[in-house]
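**Student:** mind looking at a prediction? Sequence and model below.
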Amino acid sequence: MDQKHIRNFCIIAHIDHGKSTLADRLLEATATLGVREMRAQVLDSMDLERERGITIKAHAIRMEHHAPDGAQYQLNLIDTPGHVDFNYEVSRSLAACEGALLVVDAVQGVQAQTLSNLLLAMENDLAVIPVINKIDLAAARIEEVAAELMDLLAVEQEEILLVSAKQNLGVDRVLEAIIGKIPAPSGNPDKPLRALIFDSSFDFYRGAVPLVRVVDGYLEKGMEIRLLATGGRYEVLEVGLQRLKTIPTQRLSSGEVGYVVASIKRLSHARVGDTIVNDAERPHPQPLPGYREVKPMVFAAVFPMDNDQYDDLKEGLERLHLNDASLSYEPESSLALGFGFRCGFLGMLHMEIVQERLLREHGVKILATVPNVRFRVNLKKGEALELSNPAALPDPAGIENIEEPLVKVRIFVPSEYVGPSLELCNGRRGEYLEMLYLDQYKVELIYLLPLSEILFDFYDRLKTISRGYASFDYELQNYRKGDLVRLDILINGEVVDALSAIIHRDKARTWGMRLIEKLKELIPRQLFEVVLQAAIGGRVIAREVVRPLRKNVTAKCYGGDITRKRKLIERQREGKRRMKQVGKVEIPQEAFLAVLKMD
């Protein structure tokens with residue numbers, strides 16, 4: 001197809017503003033899928049996405065559209081996630097496009113992730129088309145939301161598209177705007193091949209299957225290609241486009257989006273952001289800019305419930321990393337849990353989704369430890385260490401100070417809930433920066449907060465105090481010194497490294513007492529006494545005891561001298577003393593999950 005008739009675009013929005021529904025209407029308007037193939041949120045192919053009602057993975061699909069001017073256009077759509085934990089998916093998709101539809105809910109208006117995604121689009125110099133969705137709702141604030149977009153994008157009101165994706169209103173105008181306002185790809189089909197890998201998937205028979213955007217030149221079957229970053233050389237076995245299922249084609253030309261099959265068995269070779277070139281071309285052209293490396297924010301160790309599944313867990317993480325480049329992992333061992341991996345995630349929802357995918361897609365039941373962040377430890381001898389595992393913290397005597405990561409948080413909240421929101425942030429050791437009144441109804445709060453303070457229940461608390469109206473977005477800033485200590489949990493005098501945490505001194509006692517109380521409820525009673533302790537260094541700050549089960553050893557005594565009963569009870573006491581020395585306490589998964597559910 002002539003390159004001037006190609007449009008590559010994505011849909012970006014805050015979570016639950018109607019991205020996937022609008023994508024459905026575009027597919028119907030272009031007759032891309034048959035009636036039998038269509039269903040609600042058709043691009044959300046994973047069961048997890050459909051169950052939770054959120055987009056987790058970016059999904060690419062090609063549409064053909066006959067415009068009113070008589071020309072046929074190729075529209076390559078990428079539907080992106082809206083949750084802050086999947087922001088990296090959005091940034092990768094934007095690099096493969098020339099334009100973006102910015103969808104805003106007519107009731108909720110501009111939200112935190114709306115602004116974050118808009119800034120990403122502007123960084124990539126994309127043409128942004130503002131769309132107000134859900135205009136059919138009785139509570140729609142079309143004029144107010146349009147005013148917000150006009151201030152945000154410096155556009156006229158006539159440029160803002162009013163649609164209802166659910167009722168199929170205004171979709172034709174969206175297609176016209178895509179063709180009229182988004183520029184055609186600027187690559188040169190006569191130059192040597194350069195194709196950007198923006199995603200990858202795994203096929204059991206074909207190996208790694210990269211999704212690519214061809215920038216210059218062309219890709220076709222039989223071509224010898226080279227992956228510049230990893231140095232892998234392969235022969236192209238198939239190229240094609242995506243329409244829910246893969247459709248082979250003869251060639252992918254400059255400006256087009258599609259997939260490449262080249263029997264890439266080494267999964268590490270199909271690295272997201274790498275550049276594919278024609279190996280026969282000499283010298284090889286310069287690689288494309290690719291993506292900046294994403295830095296995980298939340299770390300947790302994962303261990304297989306069954307030690308025999310260690311290799312399955314390793315293989316599962318490799319395949320998930322291929323499909324989700326923001327996931328990082330490295331081997332780790334624990335005295336309590338055996339061999340596993342310390343994984344890095346972008347947030348708590350990301351961590352939860354990865355655990356669920358490991359179980360559903362790879363059949364691996366895992367036990368995850370307490371999530372934590374990466375701390376910077378400055379030693380007295382001048383060295384600096386970055387630690388994500390509290391158990392690896394050096395001797396406190398050699399530590400000068402510990403620094404914790406800070407995030408800049410943007411909170412969008414109705415003006416009537418500003419007070420409780422300020423109180424919540426201040427209670428989480430937040431540093432107030434700015435408060436902006438966007439209009440008479442909505443306020444933007446900007447705070448510096450320790451990342452560890454927003455890990456667990458911050459978002460839930462924010463939603464609760466604002467009756468569900470607040471939204472927030474965060475970005476990593478720098479590190480700040482803090483009065484931080486390592487809190488250890490001991491069971492019968494032995495430290496359970498998987499439950500250790502680095503925490504602020506002011507909250508350590510309360511945290512330790514509540515965690516010990518939770519563990520007392522969750523750890524099943526043994527035939528011997530189980531002592532639970534929380535300690536900072538060598539000082540115990542909380543203690544609980546799980547009372548032992550008692551077998552009635554005197555039940556067989558129907559009479560006789562009392563000394564006989566005493567002898568049996570003393571023998572039982574001695575046996576429990578020996579059992580305590582060699583007995584092992586099984587810690588259930590609920591004990592680790594209890595930390596996440598603590599208030």
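**Tutor:** That came in fine, so what should we check first? Because the structure is predicted, anything quoted here is derived from the model rather than measured.
**Student:** list the contacts for residue 458?
**Tutor:** 424, 428 (Cβ atoms under 8 Å, 6 or more residues apart in numbering). C-beta: built from backbone N, CA, C; applies to glycine.
**Student:** typo on my end, residue 260
**Tutor:** Counting by Cβ under 8 Å, 6+ apart, residue 260 has contacts 195, 209, 210, 212, 219, 225, 236, 238, 239, 252, 276.
**Student:** can those residues go into CSV with extra columns for secondary structure and distance to residue 414?
**Tutor:** Shown next, in CSV, are these (DSSP: H, G, I helix; E, B strand; the rest coil; distance: Cβ to Cβ, whole Å):
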residue, secondary structure, distance to residue 414
195, strand, 46
209, strand, 46
210, strand, 44
212, strand, 44
219, strand, 50
225, strand, 53
236, coil, 54
238, strand, 53
239, strand, 50
252, strand, 48
276, strand, 48
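**Student:** please, where are all the strands along the stretch 1-150 of the chain?
**Tutor:** 6-13, 59-66, 72-79, 99-105, 127-133 (DSSP state E, counting those that start in this stretch).
**Student:** ok now the fourth one, how far from the chain's centre?
**Tutor:** I take that to be strand 99-105. Its chain's C-alpha centre and that of strand 99-105 lie 21 Å apart, by Cα atoms, centre = their mean, to the nearest Å.
**Student:** what average pLDDT does that strand get?
**Tutor:** Per-residue pLDDT over strand 99-105 has a mean of 91.
**Student:** for that strand, list the C-alpha coordinates in PDB.
**Tutor:** Extracted C-alpha coordinates of strand 99-105, given in PDB (Å, rounded to 0.1, in the frame of the first residue of the first chain):
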ATOM      1  CA  GLY A  99      -0.800   9.700  16.500                       C
ATOM      2  CA  ALA A 100      -3.000   9.000  19.500                       C
ATOM      3  CA  LEU A 101      -6.600   9.300  20.500                       C
ATOM      4  CA  LEU A 102      -6.800  10.800  24.000                       C
ATOM      5  CA  VAL A 103     -10.100   9.500  25.400                       C
ATOM      6  CA  VAL A 104     -11.600  11.300  28.400                       C
ATOM      7  CA  ASP A 105     -14.700  10.300  30.400                       C
END
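**Student:** for stretch 78-88, output the C-alpha coordinates as CSV.
**Tutor:** Only the C-alpha atoms of stretch 78-88 are listed here, as CSV (Å, rounded to 0.1, in the frame of the first residue of the first chain):
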residue,chain,number,x,y,z
ILE,A,78,-2.8,-0.3,19.3
ASP,A,79,-5.1,-0.5,22.3
THR,A,80,-3.1,0.4,25.4
PRO,A,81,-3.7,-0.2,29.2
GLY,A,82,-4.9,2.6,31.4
HIS,A,83,-3.5,1.7,34.9
VAL,A,84,-0.4,3.3,36.1
ASP,A,85,1.3,-0.1,36.7
PHE,A,86,1.3,-0.8,33.0
ASN,A,87,2.6,2.6,31.9
TYR,A,88,5.6,0.9,30.2
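**Student:** state the mean pLDDT of it.
**Tutor:** Mean predicted lDDT for stretch 78-88 stands at 73.
**Student:** and what of stretch 377-389?
**Tutor:** For stretch 377-389, the per-residue pLDDT averages 85.
**Student:** go on, stretch 488-498?
**Tutor:** Mean predicted lDDT for stretch 488-498 stands at 82.
**Student:** buried deepest among the strands of the stretch 1-150 of the chain, which one?
**Tutor:** Counting by mean count of other Cβ atoms under 10 Å, strand 6-13 has the highest mean neighbour count of the strands of the stretch 1-150 of the chain, with a mean of 26.
**Student:** pairing partners for that strand, with directions?
**Tutor:** strand 72-79 (parallel), strand 99-105 (parallel) (DSSP bridges).
**Student:** got a list of contacts for the longest one?
**Tutor:** Outside of strand 72-79, the residues within contact range by Cβ under 8 Å, 6+ apart are 1, 5-11, 19-20, 23, 26, 30, 43, 55, 58-67, 93, 96-97, 175, 178-179, 256-257.
**Student:** would you mind giving the strands paired with strand 6-13 as TSV with distance to residue 376 added?
**Tutor:** As requested, these are arranged in TSV below (distance: least, Cβ to Cβ, whole Å):
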stretch	distance to residue 376
strand 72-79	36
strand 99-105	36
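**Student:** quick one: closest of the ones you listed to residue 483.
**Tutor:** Among the strands paired with strand 6-13, strand 99-105 comes nearest to residue 483, with 41.9 Å by Cβ to Cβ.
**Student:** who touches the closest one?
**Tutor:** Contacts of strand 99-105 (Cβ under 8 Å, 6+ apart): 7-14, 16-19, 22, 94, 110-111, 114, 117-118, 121, 126-134, 145, 148-149, 153, 174, 178, 181-183.
**Student:** isn't residue 523 right up against residue 547?
**Tutor:** No: if you go by Cβ atoms under 8 Å, residue 523 and residue 547 don't touch, sitting 11.4 Å apart.
**Student:** state the distance from residue 152 to residue 193.
**Tutor:** 39 Å (Cβ to Cβ, to the nearest Å).
**Student:** got the domain ranges for this protein?
**Tutor:** 3-181, 194-278, 298-369, 376-482, 486-597 (the TED database).
**Student:** residue 525: neighbour count?
**Tutor:** 12 (other Cβ atoms under 10 Å).
**Student:** just want the phi and psi numbers for it.
**Tutor:** When read as degrees, to the nearest 10, the backbone of residue 525 gives phi -70, psi 140.
**Student:** who's in contact with it?
**Tutor:** 546, 547, 548, 549 are the contacts of residue 525 under Cβ under 8 Å, 6+ apart.
**Student:** how many residues are close by the nearest residue to the first one once chain neighbours are set aside?
**Tutor:** Computed as Cβ to Cβ, 6 or more residues apart in numbering, the closest residue to residue 546 that is not its neighbour in sequence is residue 530, at 4.0 Å. Using other Cβ under 10 Å, the number of residues around residue 530 comes to 20.
**Student:** how close does residue 530 sit to residue 420?
**Tutor:** Counting by Cβ to Cβ, the gap from residue 530 to residue 420 is 40 Å.
**Student:** average pLDDT across stretch 455-465?
**Tutor:** 80.
**Student:** dump that stretch to PDB, keeping only the CA atoms.
**Tutor:** The C-alpha trace of stretch 455-465 is given here as PDB (Å, rounded to 0.1, in the frame of the first residue of the first chain):
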ATOM      1  CA  LEU A 455       2.800   0.300  48.200                       C
ATOM      2  CA  PHE A 456       0.100  -1.500  50.100                       C
ATOM      3  CA  ASP A 457      -3.200   0.300  50.800                       C
ATOM      4  CA  PHE A 458      -2.600   4.000  49.800                       C
ATOM      5  CA  TYR A 459      -4.700   3.800  46.600                       C
ATOM      6  CA  ASP A 460      -7.500   1.900  48.500                       C
ATOM      7  CA  ARG A 461      -7.500   4.500  51.300                       C
ATOM      8  CA  LEU A 462      -7.600   7.300  48.800                       C
ATOM      9  CA  LYS A 463     -10.500   5.800  46.900                       C
ATOM     10  CA  THR A 464     -12.300   5.200  50.300                       C
ATOM     11  CA  ILE A 465     -12.000   8.800  51.600                       C
END
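**Student:** pull out the buried positions in that stretch.
**Tutor:** 455, 456, 458, 459, 461, 462, 465 (16 or more other Cβ atoms under 10 Å).
**Student:** with stretch 172-186 instead?
**Tutor:** 174, 175, 177, 178, 179, 182, 184, 185.
**Student:** do the same with stretch 238-250
**Tutor:** 238, 239, 240, 241, 242, 243, 246, 249.
**Student:** ok, stretch 354-361 next?
**Tutor:** Buried, per 16+ other Cβ under 10 Å, within stretch 354-361: 354, 355, 356, 357, 358, 361.
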